[in-house]
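Enquirer: mind folding the following:
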Amino acid sequence: MTHDTFDNTCLRHPNTLSNLRCGRCNDLICPECMLQSPVGARCPDCATIGQAPIFRATGAEFTATIGLAVGGAIVFGIIYGLIAWVLWQLPLTLQIGYVAASMVIALAGAPLGEFVRRAGKNKLDPRYKIIAAAMMFLVWVVGIIVSSGLGVWSGIFYNIIGYIGLGIGMYVAMNRVRS
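Expert: Below you'll find the predicted structure:
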């Protein structure tokens, strides 16, 4: 594809004006196709060249991380269910029980995210953030199943306070996994 040197349009999006250039090949790029790298803006072609192995997990590493994360999430979920059962045994009002269960799942985000990061061998792969969020949801589901089996009323999980705690836990877990 020929590109006029005096034309200020993106090489990949000819209808988009741009003055931004790839820091490696000097092609004009627009915000839509630009990829941020540690050394500046890159076009899609240059962004994938020479990517260090620390950034992307191989297929085998990614699969192993998912397996370890699922196992870890099940263990965390069992612990969460047992903690919810202990809280259910305490003489708390229902509202305090809601908040306590919500705080436990929110606080679980940090160790679970750290577990996913270490299971992924500290790779900076952004897909690990998705794994961390999904595993937090799995912790929540396993916790509900375990605690319900122990006689805890599942309504303490299914309320706005519980959902907020789950959301905070997911956010924290995702941010513990660096990318």
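
Enquirer: skipping its backbone neighbours, what lies nearest Cys25 in space?
Expert: Cys46 (5.4 Å; CB to CB, 6 or more residues apart in numbering). (C-beta placed from N, C-alpha, C; glycine too.)

Enquirer: my guess is the one you found contacts Cys22. True?
Expert: Yes - assessed by CB atoms under 8 Å, Cys46 is found in contact with Cys22 at 5.4 Å.

Enquirer: count the neighbours of Thr9 for me.
Expert: Applying other CB atoms under 10 Å, we find 15 other residues in the vicinity of Thr9.

Enquirer: hang on, it packs against Asn15?
Expert: Yes - Thr9 is within contact range of Asn15, at 7.0 Å (criterion: CB under 8 Å).

Enquirer: just to revisit the earlier point, looking at Cys46 and Cys22, which is more packed in?
Expert: Cys22 (22 against 18).

Enquirer: quick one: residues contacting the more buried one.
Expert: The contact partners of Cys22, by CB atoms under 8 Å, 6 or more residues apart in numbering, come to 29, 41-43, 46.

Enquirer: show me what the lengthiest helix in the chain is packed against.
Expert: Secondary structure of the chain per DSSP state H: the longest helix is helix 59-89. Packed against helix 59-89 by the contact rule (3 or more CB pairs under 8 Å, 6 or more residues apart in numbering; DSSP states H and E) you find helix 94-107, helix 109-119, helix 127-149.
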